[in-house]
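# Just need the structure, nothing else, for what follows:
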Amino acid sequence: MRRIAGLLVVPLLLVSAACGSDDKGSASASASASASAPTKGGFPAITAGAKFGEKPTLAKGTGTPPKELKTKVISEGDGATLKNGDATQVNYLGQEWDSTKPFDNSFDRKQPFDLTLGAGMVIQGWEKGLVGQKVGSRVQFVIPPDLGYGEQGQDPIKPNATLVFVVDVLKAKQIPASAKGTPVAQDNTDLPKVGTNTDGKAPTLTIPSKVTPPKKLVSNYVLESKGEVVKETDTVVANYVAKLWKDGKEFDNTYTTGKTASFPLAQVTLKGLKNGLIGKKIGSRVLLVIPPDQGLGDKAQQSIPANSTLVFAVDILAKM
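Coordinates of the predicted model:
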């Protein structure tokens with residue numbers, strides 16, 4: 001999720017914060033071989049683990065790094081071609097041009113990285129490099145600073161760093177514009193009402209006035225689809241509107257940015273959001289009312305006061 005990402009989900013390198021590398025042993029063991037491997041066509045050599053699915057080892061770049069984005073298909077898959085708007089799942093390893101040690105990789109974590117192309121979730125070098133690639137491919141990117149982290153860098157990535165990535169494209173799905181399904185009666189006057197439009201625009205979310213919020217989590221269908229049931233191990237792609245129960249103030253809305261949210265439920269730290277989506281069907285619209293003990297508790301976060309009851313209207317668009 002975008003504006004409240006740090007409150008809901010454990011951050012990943014390409015979203016907001018560096019995870020650090022888990023390559024202490026492998027990096028030192030291969031350092032001498034990597035340092036001496038030649039750079040060809042602007043691409044540092046892959047000195048081990050060159051096949052799709054294998055954790056690669058990258059050589060240190062030699063000479064002057066490229067000033068423009070460079071992409072190379074190491075091995076081409078036979079799956080769908082990636083387009084903006086696709087929910088995409090990848091494994092990756094990233095390294096600075098002048099280093100022999102990766103700054104991050106998903107292979108060691110055994111947790112692929114999920115993103116929606118064109119949604120601004122990753123650096124521009126990734127956005128530009130992934131579009132047009134095929135599912136099942138292994139690709140290599142060399143990303144100049146202006147398409148990476150620029151002059152500011154991002155710890156542990158130093159300012160003005162040229163970045164080298166090896167990326168395996170695992171999955172991709174085209175995301176529908178809206179939830180669709182059978183409207184479910186919203187006849188409890190003590191609960192918020194959610195619009196049932198399916199035109200891709202934000203549904204209305206109306207919170208009742210002068211009503212005490214429920215003390216327990218509410219997770220109700222607004223539109224019930226016939227899709228698969230969401231499991232805790234799934235990564236969910238969603239659109240949502242989020243408001244405070246107390247004053248109806250909107251604190252987040254993916255529709256206004258035109259960018260869906262993609263997050264692994266196992267990493268969601270907002271308990272009520274996670275519990276409210278598990279067991280619901282893909283393609284559905286759901287009303288969530290999250291009490292403070294399953295929300296952000298007794299501490300204020302960003303524009304959300306302490307002990308707030310949170311209200312979400314969520315379109316569960318896809319899972320990875």
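# so who does V142 touch?
By C-beta atoms under 8 Å, 6 or more residues apart in numbering, V142 lies in contact with G42, F43, P44, G61, P65, P66, L69, K70, W97, T162, L163, V164. Backbone N, C-alpha and C define where each C-beta goes, glycine included.
# ok, now I74?
Neighbours of I74 in contact, by C-beta under 8 Å, 6+ apart: I46, A50, F52, S137, R138, V139, Q140, V166.
# Could you tell me which of these are located in strands?
I46, R138, V139, Q140, V166 (DSSP state E).
# Give me the buried subset of those.
Burial by neighbour count, judged by 16 or more other C-beta atoms under 10 Å, picks out I46, R138, V139, Q140, V166 from the ones in strands among the contacts of I74.
# Please name the spatially closest residue to the first one (chain neighbours excluded).
Closest residue to I46 apart from its sequence neighbours, by C-beta to C-beta, 6 or more residues apart in numbering: P56 at 5.0 Å.
# Test my guess that that neighbour contacts G49.
Yes. Taking contacts as C-beta atoms under 8 Å, P56 lies within contact range of G49: 4.2 Å.
# Between these two, which has more neighbouring residues?
Higher neighbour count among P56 and G49: P56, with 25 against 17, using other C-beta atoms under 10 Å.
# how close does that one sit to T47?
8 Å (C-beta to C-beta, to the nearest Å).
# again with G79
27 Å.
# Ok, F107 next?
Using C-beta to C-beta, F107 is found at 15 Å from T47.
# hmm, back to that, grab the two from the buried ones among the ones in strands among the contacts of I74 that are most spread out in space.
Among those, the pair separated by the greatest distance (C-beta to C-beta) is I46 and V139, at 11.5 Å.
# which stretches of the stretch 201-320 of the chain form helices?
Applying DSSP state H, counting those that start in this stretch to the stretch 201-320 of the chain gives helices spanning 271-277.
# how far away is N84 from G49?
With the distance defined as C-beta to C-beta, N84 ends up 30 Å from G49.
# Kindly report the same for Y221.
Shown here: Y221 relative to G49, a distance of 45 Å by C-beta to C-beta.
# which residue of the protein sits farthest from its center?
K210 (37.1 Å; C-alpha atoms, centre = their mean).
# quick one, phi/psi of it?
Dihedral pair for K210: phi 60, psi 40, per degrees, to the nearest 10.
# buried residues in stretch 248-260?
Across stretch 248-260, burial judged by 16+ other C-beta under 10 Å covers F251, D252, N253, T254, K259, T260.
# count of neighbours near the closest residue in space to the fifth one that isn't next to it in sequence?
If you skip the residues right next to it in sequence, K259 has A119 as its closest partner in space, 3.8 Å away by C-beta to C-beta, 6+ apart. Around A119 there are 22 other residues, counting by other C-beta under 10 Å.
# shaky segments in the stretch 201-320 of the chain?
Applying pLDDT under 70 to the stretch 201-320 of the chain picks out no residues at all.
# Enumerate every residue touching P213.
Shown in contact with P213 (C-beta under 8 Å, 6+ apart): W245, V289, P291, T309.
# how about the strands in the stretch 101-250 of the chain?
102-105, 113-116, 138-143, 163-174, 182-183, 193-194, 205-206, 218-224, 235-244, 250-253 (DSSP state E, counting those that start in this stretch).
# can you pull the buried residues of stretch 269-285?
270-278, 280-285.
# What of stretch 159-167?
In stretch 159-167, counting by 16+ other C-beta under 10 Å, buried: A161, T162, L163, V164, F165, V166, V167.
# Also stretch 71-83?
Buried residues in stretch 71-83, counted by 16+ other C-beta under 10 Å: T71, I74, G77, L82.
# can you name the two of the residues you listed that are farthest apart?
Within the buried residues of stretch 71-83, I74 and L82 form the most distant pair, 15.8 Å apart (C-beta to C-beta).
# follow-up on the earlier one: redo the buried residues of stretch 71-83 as a markdown table? Include pLDDT.
Shown next, in a markdown table, are these (pLDDT from 0 to 100):
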| residue | pLDDT |
| --- | --- |
| T71 | 97 |
| I74 | 97 |
| G77 | 97 |
| L82 | 96 |
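# Hmm, which of the contacts of V142 is lowest in pLDDT?
Within the contacts of V142, pLDDT reaches its minimum at G42, with 91.
# how about the closest residue to that one other than its chain neighbours, what does it touch?
Distances taken as C-beta to C-beta, 6+ apart put P66 closest to G42, at 4.3 Å, once the chain neighbours are dropped. Shown in contact with P66 (C-beta under 8 Å, 6+ apart): G42, V142, P144, T162.
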